[in-house]
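**Student:** I need the structure of the sequence given here:
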Amino acid sequence: MKILVNDVNLYYEVIGKGKPLIMVHGNGENHKIFDKAVEVLKEHYTCYLIDSRNHGLSDKVKKISYNDIANDVICFVNKLEIKDCAFYGFSDGGIVGLLCAMKEPNLFTHLVISGANLNPKGVKKFAVRIIKIMHFITRSINLKLMLDEPNIDANELSKITIPTLVLAGSNDLILQDHTKLIANSIKNSKLNILDNENHGSYIVHSTKIASLLLDFIK
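**Tutor:** As a prediction, this is how the structure comes out:
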């Protein structure tokens, strides 16, 4: 299905039954990364799987920012009149979740983020070098986004008051101290660093994230 938000047609799928759960993927991906997780979650939640602008089957754009994507999600929830929904975001999706919860503190009941960062300095240097090389070759605006953004002040995270779970792998691309900073800056938050997991190993085509969501969003 597609829905027009902020002059962009977003592709989304709705799977399952129960409490609504918005799920947003990372950079260069689409909703299909959650395929294994949704097979578990659909028995407990109505999962709204969104392709962010310039990703998947959603409209391509000439410019992109995390604020744009966050505003799309806010508009999506309001336009479909989704009430009492939880949010899960991976990587870029996690950044979007933080921005949404800061902009609209009552939009979600629960917030779960994985591998998110507040600024490019939160990403390990080797990963930034790889992104720079890939951008030089492809000139992808999605890759450029990760080099320039986000620019979130940790102090602004105090605007988030809903129960929040901050996740990362012990071998994540995001610096562990940076992940801890995010968790420590959100009052009603819980931090979980997952042993022997990397940036997306417990998320992409995995059921592990489903178990974590089921445990936290009750």
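**Student:** quick check, central residue of this structure?
**Tutor:** The geometric centre of the chain, computed from its C-alpha atoms, lies nearest to Gly93 (Cα atoms, centre = their mean), at 1.8 Å.
**Student:** can you confirm it is in a helix?
**Tutor:** Yes: counting by DSSP: H, G, I helix; E, B strand; the rest coil, one finds Gly93 located in a helix.
**Student:** quick one, what contacts it?
**Tutor:** Remark: with contacts taken as Cβ atoms under 8 Å, 6 or more residues apart in numbering, Gly93 is in contact with Met23, Val24, His25, Gly26, Ser52, Ile113. All C-beta spots, glycine's among them, are computed from the backbone N, C-alpha and C.
**Student:** do that again at 6 Å, thanks
**Tutor:** Applying Cβ atoms under 6 Å, 6 or more residues apart in numbering, one finds that Gly93 lies in contact with Val24, His25, Gly26.
**Student:** repeat for Gly28
**Tutor:** Asn142.
**Student:** Three-state assignment for it, please.
**Tutor:** The three-state label for Gly28, taken from three-state DSSP, comes out as coil.
**Student:** the residue nearest to the residue nearest to the centre of the chain when sequence neighbours are not counted pairs with what?
**Tutor:** The shortest distance from Gly93 to any residue that is not its chain neighbour, by Cβ to Cβ, 6 or more residues apart in numbering, is 3.3 Å, and that residue is Val24. Beta-bridge pairing for Val24 (DSSP bridges): Ile50, Gly89.
**Student:** thought Val24 was touching Val96?
**Tutor:** Yes: with the criterion set as Cβ atoms under 6 Å, Val24 and Val96 qualify as a contacting pair; they are 5.5 Å apart.
**Student:** any shared contact partners between the two?
**Tutor:** Applying Cβ under 6 Å, 6+ apart, one finds that Val24 and Val96 are jointly contacted by Gly89.
**Student:** give me the distance from stretch 28-43 to the chain's centre.
**Tutor:** In terms of Cα atoms, centre = their mean, to the nearest Å, the gap separating the centre of stretch 28-43 from the centre of its chain is 13 Å.
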